[in-house]
Every structure is written in C-alpha cells, then in structure tokens.
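Undergrad: Pasting the sequence and the predicted coordinates here, then a few questions.
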Amino acid sequence: MFRRKNISSKTYHTRVHYGKMVEKCIVEQLRCNGHSIMESTEDEDKYDKIDGYLGIGNEPLQVKYRQTGDDILFEISFMDHASSIMTWDGRDMIGKSTAYACLSHDGTVIWLCHTSDIKSKADTLAKRLLHLYLKYNQTSLMDEKGEIKITMDRESGRKKMLFFAKPSMFSFETIRLEKSIWSILKQESIKSIDLQFENIPESHYIRV
C-alpha cells in the first residue's frame, strides 16, 4: 500500500508547486500511453486553466485530481447577494478546456472526458437545485453521475455552486497505469524543503 502525501496543511505556494508536479506526471503518463500532448503557455495555464493540448485535434486539456475521493470539483456559479440568483460564472463553467484528464484517488487510473458532457450535466442539475434552494432552502442534490452542492466560498464570502462529478461516468477513454502516479513521484525523488518524501511524520500521509 503506497502512502500518498497529504499537503493540505502546507503553504499556498507549496500546494501549487506540488499540484504542478502532479499535473506534469499525469501528462507524461498520457504520452507514455500513446497520446500526443502539446504544452500550453504560462498565460494559458494561469488564465484559461489549460494544461496542454490533446491529440491531433489539439483539444485544450485540463488536468484534474483531488486529495480525497474519485470525483472532481467543477465550479459552476456564484450567487448574487442581492437577488440570490446564480451568475453561472464559475471558473469551470466558463473555462476554455474541451477535455479533462482526471486522476483516480489511488493514482492508477486516468479518465479522459469531454468537458461539454460535464458542463451539460452540471447545468441541468444546477437549474434543478437552484429551484429547490429558492423554494425549500435545499443545498444539495445527487444522482448517479455526481452531487451538486451550494457552499460558501471562503475567499469571496459568496455562496457558490459546485458539482462533484464522477469522471468514470463521463469518460470516453479509461487509461489504467502500471504504476500509481504517487509511486512514480516518489521514485523520482522530488526534493525541496516542503515537498521531500523522506523523514515525514506518519500523520502527514494519507493511506490509499
């Protein structure tokens, strides 16, 4: 059983740096499994959330993974304070990627999904939940493809709607890896003050 590092208590800079290393490893595994990936620019990564371009069609690709669970977070919208109306301006709803590469919790499976399929499902559930929220103050709704929730955004103080989507339900291709992404990262002996794998207390790991 491999112990995957828990970095939730680390600084923002460290978490971003670690996330980029995971994304890079996922892209490399896609290449090892026959997929052509062209790199995105720094601005495309920063502003458009595009981590690369997939295949001969150069589909804008975004890499997604979570520390917990086999779902992914899809940000749909924020709520206007005055009118309680959702603005449908969440970063994923307006994002420019047309494909997602989603990593399983144990790091052994990559699901490739069309963003439009997830957007369509998120839009349908969001409209249903908004009606239930305004009428009954209901804040969550679930079906076989995931769960949608209204939560509070810590940074802006606004309510927002998130879709916890199950990528396995949207996948057009499933790639099973010979080694876990987390094992690969450990074997590459990533070294930095905040991210070294050696001599870290047991409490800093998540068992998968």
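TA: Alright, I've got the coordinates. Numbering: from 1, shown residues only.
Undergrad: Give me the distance between residue 22 and residue 179.
TA: 14 Å (Cβ to Cβ, to the nearest Å). C-beta here means a position set from N, CA and C on the backbone, and glycine is covered the same way.
Undergrad: Compare these two and say which one has the larger neighbour count.
TA: Neighbour totals were compared for residue 22 and residue 179, and residue 22 leads with 17 against 12 (other Cβ atoms under 10 Å).
Undergrad: Which strands and helices lie in contact with the helix or strand harbouring the more buried one?
TA: Taking DSSP states H and E as the definition, residue 22 sits inside helix 12-32. Counting contacts by 3 or more Cβ pairs under 8 Å, 6 or more residues apart in numbering; DSSP states H and E, helix 12-32 packs against strand 37-38, strand 59-64, strand 99-103, strand 109-114, helix 181-187.
Undergrad: The nearest residue to residue 180 once chain neighbours are set aside: how many residues sit nearby?
TA: Closest residue to residue 180 apart from its sequence neighbours, by Cβ to Cβ, 6 or more residues apart in numbering: residue 107 at 3.8 Å. Applying other Cβ under 10 Å, we find 23 residues neighbouring residue 107.
Undergrad: So residue 107: helix, strand or coil?
TA: Judged by DSSP: H, G, I helix; E, B strand; the rest coil, the three-state class of residue 107 is coil.
Undergrad: Return the backbone torsion pair for it.
TA: phi 80, psi 10 (degrees, to the nearest 10).
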